[in-house]
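>>> Requesting a structural model of the entry that follows:
(chains A and B)
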Amino acid sequence: MSQNHARTSRTNDLASRIDAGFRTAIAAALSDYASVNSAPIDPLIKAAANPKFGDFQANFAMSLAKSLGKNPREVAQQVVDAAPPSLRDLCEPFEIAGPGFVNIRLRPESIANALTAMDSATLGVSNDNKTHTVAVDLCGVNVAKQMHVGHLRATIIGDTIARLFERLGWNVHRQNHLGDWGLPIAMTLAALRRAKVDIARVTLDDLNRAYRRAQAEGRDDEAGLAAAHATAVGPHRIAELEAQHEGAAAALADAHDTLRRLQSGDAAVVADWQKLIDVTMHEVYETAQLLGVDLKPEHNRGESFFRDRLTPTVDAFVAANLAVRDAGALVVRFEGRERPLLIQKSDGTSLYATTDLAAARYRIQDLGSELVVYCVDARQRDHFNDVFDAVALIGWTKRADGREASLVHVPFGAVLGSDKRPLKTRSGENFTLKALLDEAIARGRREVHARAASPDAPTAALSPAELDAIGQAVGIAAIKYADLSSDVSRDYVFDLDRMVSFEGDTGPYAQYAHARIAGILAKASAQGAAAGALVIATPQERSLALNLLRYPGAIEDAASQLAPNRIAAFIFELANTFNAFYQACPVLRGADESTRASRLHLCDLTRRVLADALSIMAITAPSRM
RNA sequence: GUCCCGGUAGCUCAGUUGGAUAGAGCAGCAGAUUUCUAAUCUGCAGGUCGGUGGUUCGAUCCCACCCCGGGACGCCA
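Model prediction:
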């Protein structure tokens, strides 16, 4: 995947100030030479590969020296000598090492000052004040179908990306592309109406069964019939299959008729269809709430929303000479690609690509998005590749203000069982999301209750209901963190034992670090101890402070790369460095007053950054656990 | 057959426009605890970065070919 999908205004953090300082130094040092290159030279500032090399390193000298035909260490020295005071004041004297690396070590005062500057409501994260707009396609449930693990990913990855941009001050449009139109819905609807079921009173589970039954009924058993003839089974069996075939044909005809009435606005059918959606969405919203996901009716932009835009979409491609007839269907062809994009079936009706094209146009030209993010299963990679190319071909990536929007698919991998096959129940069915979450919550509660049983546990005095609430937060965090903490495009094996573990790179580990800090802060508050001026003295304080300072950059990187795992990696690093600090640096006992005040300040900042980062993934951070 | 995605420690995975000795977690081993919550911390051990060539001062990263695994391929979404 290509890198920067979103341009965010870069924070004025330490790394940026070092970067700016070196740019100035390079320009000054190089003014001696005839301009080698008109482009500004990137000082290539990185976090140091190893603590013994300092905090940051600048890697510009090697490649630059080559183009100048000079010795890299000399070039590095010349640049270092030209460092402006703004840069020199920040750092200890520079060291030139190896082939020409510049090692940069921050002065403790610089760290304390930068951290003090970061201590605000924004925590140093930039805010674009709604000058950018993004649309995020998420969730994408199908009406009358139970949510399964695939929807878990489309929902929480989408929600995290949406929250990430909200945190950066973007205008965010959540788009729930419901499967609420077309033949599958009509089949279920027809079956329910035939059975005279009161649709408003059924559960999603009932609907799910009706959906599957309708699918099975509607399956045209031509293949079975042909096989029966070929393998010479008895006439009785063939008659049975023929009857089934006729039944299927009748069900299908009924479904088509229902679809026609739905599409032409038949009031009774439309009313039942709406009930079907209501029942489905009621449970979807419940699940979303359980997951902490911001998903509401106003985010619905399902297939039905685009129904009147389908014909104009097809017409536009025909008018632009971008679609051609092929075997009765309309296809868009691409240069250098065998695979075409079907935008109209030979019976004249449209299909999913048509809706996606209409939706892309809506998101860019009606909503004004400069970026449209699709959180959809990786198996639809080719499909979106084609759709995006088609949108570009017809020029719909151009926004009202003339700027180009980009469309990006964030493909996510499958959730696998321990057999490395897509997760299934014992009976071979897809796991419903609800079943999965119930199990995780039960596990979280078990862990929390077990620990509260110890008399000196901080949770010992809590009521069972309070412990249940914490346990639920732990269980949900376990699942969400596991899902979001590795590159989302990859498959992962669902292993509840690992996820719910309080050790290692897990949600509960992060929550635990937060609870530990909250415990100290509560105690400090009870003792009347207050945070004060920061003093960075020990290696653990330094490490914690530097990690805190990385927060704004981590958030910006996560956004520009649409990579939730970057947030998780930051959280894990921070929780780790905090725990090391906790071990080595007593806050409330055995420390003089100024040390205590400084460490309390570090604790307070760490807690807020941790809670803020977790909130972007919509993971709750309990104060006790 | 065409195209897409992946292959890094026993297992699960990071690796941010090519940079110093490839990093974590789990599992294993050795330590630390009358705890500001040990759900923790410190240390040890663990690698032909799928393979072979190429580009480069320098490659897990870029290019070519090959091997293995997964996926998608016109009227489902």
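>>> Quick check: buried residues in stretch A:293-305?
By neighbour count on 16 or more other CB atoms under 10 Å, the buried set for stretch A:293-305 is A:Val293, A:Asp294, A:Leu295, A:His299, A:Asn300, A:Arg301, A:Gly302, A:Glu303, A:Ser304, A:Phe305. Every residue, glycine included, has its C-beta placed from N, CA and C.
>>> Return only those of these found close to RNA strand B.
Near RNA strand B, judged by CB under 7 Å from any atom of the strand, the entries from the buried residues of stretch A:293-305 are A:Glu303.
>>> and the host helix or strand of A:Lys66, is it in reach of RNA strand B?
Using DSSP states H and E, A:Lys66 maps to helix A:60-68. Yes: counting by CB under 7 Å from any atom of the strand, RNA strand B has neighbours in helix A:60-68: A:Met62, A:Ser63, A:Lys66.
>>> Let's have those residues in JSON lines, adding pLDDT and neighbour count.
As requested, these are exported to JSON lines (pLDDT from 0 to 100; neighbours: other CB atoms under 10 Å):
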{"residue": "A:Met62", "pLDDT": "90", "neighbour count": "16"}
{"residue": "A:Ser63", "pLDDT": "86", "neighbour count": "15"}
{"residue": "A:Lys66", "pLDDT": "83", "neighbour count": "11"}
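>>> Looking at those, which is nearest A:Gln263?
A:Ser63 (62.0 Å; CB to CB).
>>> what about the spatially closest residue to A:Ala323 that is not a sequence neighbour, distance to RNA strand B?
Distances taken as CB to CB, 6 or more residues apart in numbering place A:Phe317 nearest to A:Ala323, at 3.9 Å, with adjacent residues excluded. Per CB to the nearest atom of the strand, to the nearest Å, A:Phe317 is found 14 Å from RNA strand B.
>>> Pull out the buried positions in the helix or strand where A:Phe317 lies.
In the assignment (DSSP H and E), A:Phe317 maps to helix A:310-319. By neighbour count on 16+ other CB under 10 Å, the buried set for helix A:310-319 is A:Leu310, A:Thr313, A:Val314, A:Ala316, A:Phe317.
>>> Whether stretch A:105-125 contacts RNA strand B - can you check?
No: remark: stretch A:105-125 sits outside contact range of RNA strand B, by CB under 7 Å from any atom of the strand, the gap being at least 10.8 Å.
>>> May I have the residues that are in contact with the residue in the stretch 501-625 of chain A that RNA strand B sits nearest to?
Closest to RNA strand B within the stretch 501-625 of chain A is A:Gly504: 2.1 Å, counting by CB to the nearest atom of the strand. With contact set as CB atoms under 8 Å, 6 or more residues apart in numbering, A:Gly504 has these partners: A:Arg498.
>>> Pull up the residues of the stretch 151-300 of chain A that are close to RNA strand B.
Taking CB under 7 Å from any atom of the strand as the contact definition, the stretch 151-300 of chain A meets RNA strand B at A:Gly179, A:Gly182, A:Leu183, A:Pro184.
>>> and if we set it to 6 Å?
Residues of the stretch 151-300 of chain A lying near RNA strand B by CB under 6 Å from any atom of the strand: A:Gly179, A:Gly182.
>>> before we move on, back to that, please read off the pLDDT at the residue nearest to A:Ala323 from the model.
In this model, A:Phe317 is scored at 97, pLDDT.
>>> After the helix holding A:Lys66, heading C-terminal, what element do we hit next?
Sequence order places helix A:72-81 as the next helix or strand after helix A:60-68, per DSSP H and E.
>>> Please enumerate residues in contact with that following helix?
Contacts of helix A:72-81 (CB under 8 Å, 6+ apart): A:22, A:25-26, A:29, A:58, A:60-62, A:64-66, A:68, A:94, A:96, A:99-102.
>>> what do you get if the cut-off is 6 Å, keeping everything else the same?
Identification of contacts with helix A:72-81 by CB atoms under 6 Å, 6 or more residues apart in numbering yields A:Ala25, A:Ile26, A:Ala29, A:Ala61, A:Met62, A:Leu64, A:Ala65, A:Phe94, A:Ile96, A:Pro99, A:Gly100, A:Val102.
>>> Can you mark which positions in it are buried?
Neighbour counts over helix A:72-81 (16+ other CB under 10 Å) mark A:Pro72, A:Arg73, A:Val75, A:Ala76, A:Gln77, A:Gln78, A:Val79, A:Val80 as buried.
>>> what angle do that helix and helix A:60-68 make?
Here the directions of helix A:72-81 and helix A:60-68 differ by 120 degrees (axes from the mean of the first three to the mean of the last three CA atoms, to 10 degrees).
>>> tell me how far the helix or strand following helix A:72-81 is from the chain's mean position?
Next in sequence after helix A:72-81, counting helices and strands by DSSP H and E, comes helix A:85-88. Once both centres are worked out by CA atoms, centre = their mean, to the nearest Å, helix A:85-88 turns out to sit 39 Å from its chain's centre.
>>> picking up where we left off before, export the buried residues of helix A:310-319 to CSV and tack on distance to A:Ala510?
Below are the buried residues of helix A:310-319 laid out as CSV (distance: CB to CB, whole Å):
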residue, distance to A:Ala510
A:Leu310, 45
A:Thr313, 45
A:Val314, 49
A:Ala316, 48
A:Phe317, 48
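>>> for the residues you listed, which one is nearest RNA strand B?
For the buried residues of helix A:310-319, the minimum distance to RNA strand B (CB to the nearest atom of the strand) is 11.0 Å, reached by A:Leu310.
>>> what residues go with each domain of chain A?
As given by automatic domain parsing, the domain ranges for chain A are A:14-106, A:133-180+A:293-415, A:183-264, A:434-616.
>>> Run the chain-centre distance for the second one.
For domain A:133-180+A:293-415, the separation from the chain centroid amounts to 17 Å (computed by CA atoms, centre = their mean).
>>> does any bit of stretch A:41-52 sit next to RNA strand B?
Yes: judged by CB under 6 Å from any atom of the strand, stretch A:41-52 comes into contact with RNA strand B through A:Asp42, A:Leu44, A:Ala47, A:Ala49.
>>> Name the SS class of the first one, please.
At A:Asp42, secondary structure determined by DSSP: H, G, I helix; E, B strand; the rest coil is coil.
>>> What residues does the stretch 501-625 of chain A have near RNA strand B?
Checking the stretch 501-625 of chain A against RNA strand B by CB under 6 Å from any atom of the strand, the hits are A:502-505, A:508-509, A:512, A:515-516, A:519-520, A:523, A:557, A:569, A:576, A:579-580, A:582-583, A:585-589, A:624-625.
>>> quick one, strands of chain A?
Ranges of strands in chain A, per DSSP state E, are A:45-47, A:56-58, A:95-97, A:101-104, A:133-138, A:171-176, A:323-326, A:329-332, A:341-344, A:371-377, A:406-412, A:415-416, A:492-493.
>>> Which one of those strands lies nearest to A:Arg213?
For these, the distance to A:Arg213 is smallest for strand A:371-377, at 25.1 Å, taking CB to CB.
>>> so what secondary structure elements neighbour that closest one?
Under the contact criterion of 3 or more CB pairs under 6 Å, 6 or more residues apart in numbering; DSSP states H and E, strand A:371-377 touches strand A:133-138, helix A:149-167, strand A:406-412.
>>> So for chain A, the centremost residue is which one?
Residue closest to the average C-alpha location in chain A (CA atoms, centre = their mean): A:Ile157, at 2.9 Å.
>>> Could you pull up the contacting residues of it?
Going by CB under 6 Å, 6+ apart, A:Ile157 touches A:Cys375, A:Phe412, A:Val488.
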